[in-house]
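Undergrad: Model the following, please.
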Amino acid sequence: AAAHLAGVIAAETTLPVIGVPIGSSSLNGLDALLSTTQMPGGVSVAGMAIGKAGAKNAGVLAVQILALSNKSLHQKLVKYKKDQAKEVERKSRNLKSDYAGNT
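TA: The predicted structure is shown next:
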């Protein structure tokens, strides 16, 4: 995998660059994470977590950046965050309920 690609792109543009390390090596992506985040000063890459969670967070970060100048997108982002919080609360209640039934 070309983990250094985000840095190469960041060196050539003034646009935000988001790097998502993929866990494809024997190091489970740690090498890709370091390649993504260890950039010299002035070459900024927003480094995400390794794998699927990082890819999801990259999408959210991109929307957050775009929502700075797009009110409609900002409103959708606020709704997404609220829905996400509700889902966590629901899962927490279910877990507590399941745990209480097993003690």
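Undergrad: Which other helices and strands does the strand or helix carrying residue 32 contact?
TA: With elements taken from DSSP states H and E, the one containing residue 32 is helix 30-37. Contact partners of helix 30-37 among helices and strands, from 3 or more Cβ pairs under 8 Å, 6 or more residues apart in numbering; DSSP states H and E: helix 5-12, strand 46-47. To be clear about C-beta, it is placed using only N, CA and C from the backbone, and glycine gets the same treatment.
Undergrad: what's the angle between it and helix 5-12?
TA: Angle, helix 30-37 to helix 5-12, by axes from the mean of the first three to the mean of the last three Cα atoms, to 10 degrees: 10 degrees.
Undergrad: What are the buried residues along helix 30-37?
TA: In terms of neighbour count (16 or more other Cβ atoms under 10 Å), helix 30-37 has its buried residues at 31-33, 35-37.
Undergrad: what ranges do the helices span in this protein?
TA: For the chain, the helices defined by DSSP state H occupy 5-12, 30-37, 52-67, 71-101.
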